[in-house]
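Chemist: model the structure of this input:
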Amino acid sequence: MQIGKDAIYSQPQQVAAFRFDQSVAEVFPDMIQRSVPGYNTIVDTIGQISAQYAQADSSIYDLGCSLGAASLSASKYIQGENCKIIAVDNSEAMAKRCELHVKAFKSKTPITIVCDDIQNIEVNNASVVIMNFTLQFIVPEQRDDIIKNIFQGLKPGGILILSEKLSHTSQSGNELLIELHHEFKRRNGYSELEISQKRTALEDVMRIESFEQHKTRLKNAGFNDVIRWFTCFNFSSMVAVKA
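Modeler: Modelled structure (predicted):
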């Protein structure tokens, strides 16, 4: 499948709120590679961690799967008997394109794509749940209930893999991380106009929190350990373990 180049914000425009629509789906692989430091490492390691914790006869959920990168990585590595992956995204454009990606990939662990809001998904018999840069797009008031639902649907010994863009607790630290991220985008070919307009588009759509806030929410839901295994600038990934 041909991958388009992300030029969505390359021209001056009246910037609307960011949406995972058809235009984003068509260029998403290029957008995410040029916007998220360490993305390939994160996705590949999610597959490795999923394989380590996947239990026989259980489900693996990828909530907010976009084009299915994390699902495909997990599917490649998981060797457990009778495991299945349920990949969920509420964007019809993303889900349809995800179907095409999955059909082109053969593996032992089947992937089912569901187009729905993750709030409507009841997590059941899960050994692994993946949220790879998903929670940050959910309104903060709904995040506690989503994490509690995941915890309740996990089997003992199950895990949640949570990747998020983070804020820092001090203003000066936050400004440093933002500038490092903007420089990363510049070095990947984004112009100042693109960086500025994308930031405006995401302003009220992506509300980020600190690692401490995430850890507190996960502990309050019942997870007994939270391991931050990846950090680059203001992007991080963690594993929350259910005892």
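Chemist: report pLDDT for the residue lying closest to residue 42 once chain neighbours are set aside.
Modeler: Here the nearest residue to residue 42 in space, its sequence neighbours aside, is residue 237; by CB to CB, 6 or more residues apart in numbering that works out to 5.4 Å. The way it works is simple: take the backbone N, C-alpha and C, and place the C-beta from them, glycine included. Per-residue confidence for residue 237 comes out at a pLDDT of 98.
Chemist: touching, residue 237 and residue 163? I think so.
Modeler: Yes - taking contact to mean CB atoms under 8 Å, the distance of 4.0 Å between residue 237 and residue 163 places them in contact.
Chemist: which residues do the two both contact?
Modeler: Among the neighbours of residue 237, those also in contact with residue 163 (CB atoms under 8 Å, 6 or more residues apart in numbering) are 42, 46, 132, 230.
Chemist: thinking again about what came up before, and the residue nearest to residue 42, what are its bridge partners?
Modeler: In this entry, residue 237 is beta-bridged to residue 163, residue 230, by DSSP bridges.
Chemist: neighbours around it, how many?
Modeler: By the measure other CB atoms under 10 Å, the count of residues near residue 237 is 25.
Chemist: could you look up the SS state of the closest residue to residue 223 other than its chain neighbours?
Modeler: Spatial nearest neighbour of residue 223, chain neighbours left out: residue 240 (4.0 Å); criterion: CB to CB, 6+ apart. Classification of residue 240 using DSSP: H, G, I helix; E, B strand; the rest coil returns strand.
Chemist: residue contacts, residue 240?
Modeler: 159-160, 162, 218, 223, 225-227.
Chemist: these: which two are farthest apart?
Modeler: 162 and 225 (12.9 Å; CB to CB).
Chemist: who has more neighbours out of the two?
Modeler: When neighbours are counted by other CB under 10 Å, residue 162 comes out ahead of the other of residue 162 and residue 225, with 27 against 12.
Chemist: surely the more buried one and residue 133 touch.
Modeler: No - Residue 162 lies out of contact with residue 133 (CB under 8 Å); the separation is 9.2 Å.
Chemist: now stretch 113-120: mean pLDDT?
Modeler: When the per-residue pLDDT values of stretch 113-120 are averaged, the result is 97.
Chemist: who are the packing partners of the strand or helix carrying residue 60?
Modeler: Secondary structure assigned from DSSP states H and E places residue 60 in strand 59-63. Taking 3 or more CB pairs under 8 Å, 6 or more residues apart in numbering; DSSP states H and E as the contact definition, the neighbouring helices and strands of strand 59-63 are helix 69-77, strand 84-89, strand 126-132, helix 140-153.
Chemist: can I get that strand in PDB, CA atoms only?
Modeler: C-alpha atoms of strand 59-63 as PDB (Å, rounded to 0.1, in the frame of the first residue of the first chain):
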ATOM      1  CA  SER A  59      -7.800 -11.900  24.300                       C
ATOM      2  CA  ILE A  60      -5.400  -9.000  23.500                       C
ATOM      3  CA  TYR A  61      -7.100  -5.600  23.100                       C
ATOM      4  CA  ASP A  62      -5.600  -2.700  21.100                       C
ATOM      5  CA  LEU A  63      -7.700   0.200  22.000                       C
END
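Chemist: so which residue is smack in the middle of this structure?
Modeler: residue 132 (1.7 Å; CA atoms, centre = their mean).
Chemist: how about the helices and strands packed on strand 59-63 in TSV, adding mean pLDDT and distance to residue 29?
Modeler: Formatted as TSV, these follow (pLDDT from 0 to 100; distance: least, CB to CB, whole Å):
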stretch	mean pLDDT	distance to residue 29
helix 69-77	97	8
strand 84-89	98	15
strand 126-132	98	14
helix 140-153	97	26
